[in-house]
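*Asks:* Dropping the sequence and predicted coords here.
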Amino acid sequence: MSDSLKTIGRGNVHKTLRVNGEDHPVSFAPYKTLLEVLREDLGLTGTKHGCELGECGACAVLVDGEPILSCLSLGLDAEGCEITTVEGLAGDTELHPLQKAFADLGGSQCGYCTPGILVTAKALLGRIDDPSRDQIKEALSGNLCRCTGYLQIFESVEAAILEIGRAKTSGNP
Amino acid sequence: MSEIKHSEFNVIGKARRRVDGRAKVTGQTIFADDLVLPRMLHCKLLRSPLPHAQIKSLDMSRARAADGVHLVLSGKDIPIEFGILPVSQDEEALCTKKVRFVGDPVAAVIARDEQTATEALDLIDVEYEPLATIGSPEEALKIGEPRIHDYGEEGNIHKRVSLEFGDTDEALSAADEVFDDTFFYEGNTHLAIEQHAAVGSVDQDGKLTLWSSTQTPHYVHRALAKVLQIPAAHIRVIACPNGGAFGGKSDIFGHEIVVCKAALMLGRPVKICLNREEVFYCHRGRHPVLMRFRTGVKKDGSITGMQVETLVDGGAFGSYGVASLFYTGALQTVTYHIPRYRFQGCRVFTNKAACGPKRGHGTVQPRFGQEVQLDKIAERLEIDPAELRLRILEKPNTKTANWMQLGTIGLETCIHTVVDKSDWKERFKKLPEGRGLGLACSSYLCGAGLPIYWNKMPHSGVQLKLDRSGGITVFCGCTEIGQGSDDVLVGLIAEVLGVDPFDIRCVTADTDLTPVDLGSYSSRVTLMMGNAAIQAAERARDQVAAAVAARLDVPARRLVFAGGRVFDTQDADRGMDWRDAVICAEETHGTIGSVGSYSPPKSPARYKGGGVGPSAAYSYTAAVVEVEVDRVTGWLRVPKIWIAHDIGRTLNPVLARGQVEGSVYMGLGEALMEEQVYRRLPAKLSNALVHKIPSLLEYKSLTTHDMPDIVCDLIEDPDPNGPFGAKEVGQGPLTPIIPAVANAVYDAVGVRIDETPITPDKILKALDDKAKGGEGRIGPKGFPAIEWPEALQVPPPWEGGDGKAINDPERAHAAKLEKAVRP
């Protein structure tokens, strides 16, 4: 640890990260993970951590639309990417259909794994319009939840899919 | 009770978005580690690499001199002992003289950032003198020296209990058959996804504030006053919403004390967030329990008597352990009628992370033994396992042999429900080879009948503020750990006052602002806080009703509070909206506020040890589990579970079902894979006893792929002691899952796995044993001989008892000792 730190140096780097559609100029230590930069340097504490070893999925964020574990990624590497966190899911004050469904249908109990699950589910819906229960399970298999037993999470995702479908057919995106 | 009655519910029983739902899905819920305060410093702890050792020397000078380090603390800076139970004040924030398990904290560094603090830990020099390790309960029984603690009964025995309700030997000898079975339940941990975090800060008045991920801010408050020796009135503890807890955040932890001490010394906020490995060291999870059940039965299945022995591995500290130990013997009697009962239990200290309360506290392990043994009894007596249980069910509103006062029992309906829905009668014993069904039942408390510190004050307090804006604010010390306690609180008040839950503001778990509620443990919140909330709301409603009645010239008893209005039941147009009603009340009475409080009824169990088990109500659960077992690989799959839970009354069905399914999930994890186990490092390293797998990857838990379909039924039989009849739902439904899996495995492939977790390798081993003509059983071979103290004799209610003991073994023992000293 200390050797590599000596090589990189402890001085902050100054970068511009694009998060939730906004450019954020930010200075941070070069060894910091994307998780740490988001939480500590950008004040986006909605993204959580449960292990910081890539085991639980709580820290998932979207990088160019793909869910990644921000605890295993360097903040440095996120330059030039489009990052989406839970704070970027809602349009201003209007909740995303996934957020509404999770709040209404028990998809979120303690809420700690919820941000990681929401963004991972959003990536799934970006990839597949109408995923099956098995595809939902597969997509969320890297996200641990200790509260719900997952079933209300699956139901929430499915309810959001229906809602998004309804909005599309009625012409309201 | 108020004279205004509810005809039907507007909020209760309706599927609603929980009141804190929006915050959770937007990432706006502020967990402890999300707090950032100006000038905040960061803390890391140095932990022991040895399981048992004296601290010979501790040199912190190099760490203190490091750039960016503000403070280094050792145990000498905070030497006063604490612990959750008054009888187990055996913990130090940082160890002063010895370490008792790998992970015991010995020093703390407070620095400008986490990285600096972490690096400075390497600069602390500790010299240890290793002591012999006590690695198992068997070793603890055999090895008296060295003692892990210098208190407890003797050697490494923490506590032994012996209780007898009627002549149990006579009852067993009167049986047609006595079943004698041993079982082992492996330890496991809570694994909340949120790692424990805490922030200590000194406010502008010089008073201390602690924010923490704790389930029990009130007890943390008490401990801080004791250890830091400052008046409790100058300490404020705020429990942030917990990112899952399950019992794992209900102790007082050293790191909470350390950040407070550091904040007081530095005058700056200090934060700590444990890493995942450290969370495994905090533990306080399920105790490993070896148990022996001797149960006498008549040919018709009725039980004549039961004797239970438990050997409980406590780990390195007392924690809730004395209560956990009593719980291994407390609730066997509340499901089935057991006319005579003897319980003997022993908790030992070992050099492992301390065990404590996990969901179902102390009752999950013996329930596994009891329900698997019942399956064996049913088979031998050739009675269907569901029918056997129905025959021996305990009756509602009775007292048990050990003097637990029961209220409503919905278990009969629960059993019928899961039997019908799983098509049990057509499928049990009739499924193709490799597939099977298993059934089990359980019961749990709706809150411990006694507080941890015995006193006559309420267990829960609720305060309401109404003002002329129409705003309602509720204050309560209850703690949101994800289960939805805020939603229960607000839902009940909204029901009584006839307003929308989202119109109520909720302030909870803040010792400065909120009346005491003892915390989120023992499934006490819905019943205790709920009753306090209803009382506060009814008192506020009566104030408003009196004023509105006078204004409208309508008798108060004719007023209805519903839909955000107060109106005459006989003329709905005659009324006013809620805001005008509050203004009317404020004009009449002045400022409007009310309080409510709750204490559970006094228990008839008046013997020593009778304080563990009593509750104002008991929930009941029945479950059927279906399994598929691959004979070649031993692989066990659970496709479906049917569960029915006697909830009394469902307050919010979305949350209630979430609690049941979450319990099933956690129980299934314990049945199949979860285990907190230890291993010895190779001798060339240190031979130390270490946690085998302190990571989320290696500690196996169910993923999305492993969850079965669940058919969940909530059985409503309102209990007079519950708020609108509600009972608990957060813990009870976990318990029947584990024995039901074991029983289903037997139905599928004919082998008995009498220990948890039930893994493919054990199934294969048992199948192999059976193929070779063995009994096809994996489980403990026996129960060690423990020298039990003379039992406290308490005659059961039907044998003329009054709930008190008729002997005094402690006095007899003391007299015997005195005689031995002075012959």
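*Replies:* Cool, the structure landed.
*Asks:* ok, and the closest non-adjacent residue to whichever residue of the stretch 251-400 of chain B sits closest to chain A?
*Replies:* Residue nearest to chain A within the stretch 251-400 of chain B: B:Arg276 (4.3 Å; C-beta to the nearest C-beta). C-beta coordinates here come from the backbone N, C-alpha and C atoms, glycine included. Spatial nearest neighbour of B:Arg276, excluding adjacent residues (C-beta to C-beta, 6 or more residues apart in numbering or on different chains): A:Cys51 at 4.3 Å.
*Asks:* what residues are up against the one you found?
*Replies:* A:Ala58, A:Cys71, B:Arg276, B:Ser695, B:Leu696, B:Leu697 (C-beta atoms under 8 Å, 6 or more residues apart in numbering or on different chains).
*Asks:* helix/strand/coil for the fifth one?
*Replies:* Looking back up the chat, that one is B:Leu696. coil (DSSP: H, G, I helix; E, B strand; the rest coil).
*Asks:* Excluding covalently adjacent residues, which one is nearest to it?
*Replies:* A:Glu55 (3.9 Å).
*Asks:* how does the chain divide up, domain by domain?
*Replies:* No chain in the question, so chain A it is. As assigned by automatic domain parsing, chain A contains the domains A:2-88, A:97-169.
*Asks:* other chain: chain B
*Replies:* Chain B breaks down by automatic domain parsing into domains covering B:32-131+B:192-245+B:249-282, B:161-188+B:285-446+B:615-778, B:450-598, B:792-821.
*Asks:* would a markdown table of those domains with mean neighbour count, mean pLDDT and distance to A:Gly80 be doable?
*Replies:* Shown next, in a markdown table, are those (neighbours: other C-beta atoms under 10 Å in any protein chain shown; pLDDT from 0 to 100; distance: least, C-beta to C-beta, whole Å):
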| stretch | mean neighbour count | mean pLDDT | distance to A:Gly80 |
| --- | --- | --- | --- |
| domain B:32-131+B:192-245+B:249-282 | 21 | 98 | 26 |
| domain B:161-188+B:285-446+B:615-778 | 22 | 97 | 31 |
| domain B:450-598 | 21 | 97 | 37 |
| domain B:792-821 | 14 | 89 | 73 |
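*Asks:* how about those domains in a markdown table, adding distance to A:Glu22?
*Replies:* Formatted as a markdown table, the domains of chain B follow (distance: least, C-beta to C-beta, whole Å):
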| stretch | distance to A:Glu22 |
| --- | --- |
| domain B:32-131+B:192-245+B:249-282 | 20 |
| domain B:161-188+B:285-446+B:615-778 | 32 |
| domain B:450-598 | 30 |
| domain B:792-821 | 68 |
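*Asks:* how much space between the nearest residue to B:Asp769 once chain neighbours are set aside and chain A?
*Replies:* Using C-beta to C-beta, 6+ apart and skipping the chain neighbours, the partner closest in space to B:Asp769 is B:Gly776 (5.4 Å). According to C-beta to the nearest C-beta, to the nearest Å, B:Gly776 stands 31 Å off from chain A.
*Asks:* can you pull the contacts of B:Gly776?
*Replies:* Counted by C-beta under 8 Å, 6+ apart, B:Gly776 has contacts B:Gly750, B:Val751, B:Arg752, B:Ala766, B:Leu767, B:Asp769, B:Lys770.
*Asks:* now the fourth one, nearest residue through space, not along the chain?
*Replies:* Across the structure, with C-beta to C-beta, 6+ apart as the measure, the residue nearest B:Ala766 apart from its sequence neighbours is B:Val751 (3.7 Å).
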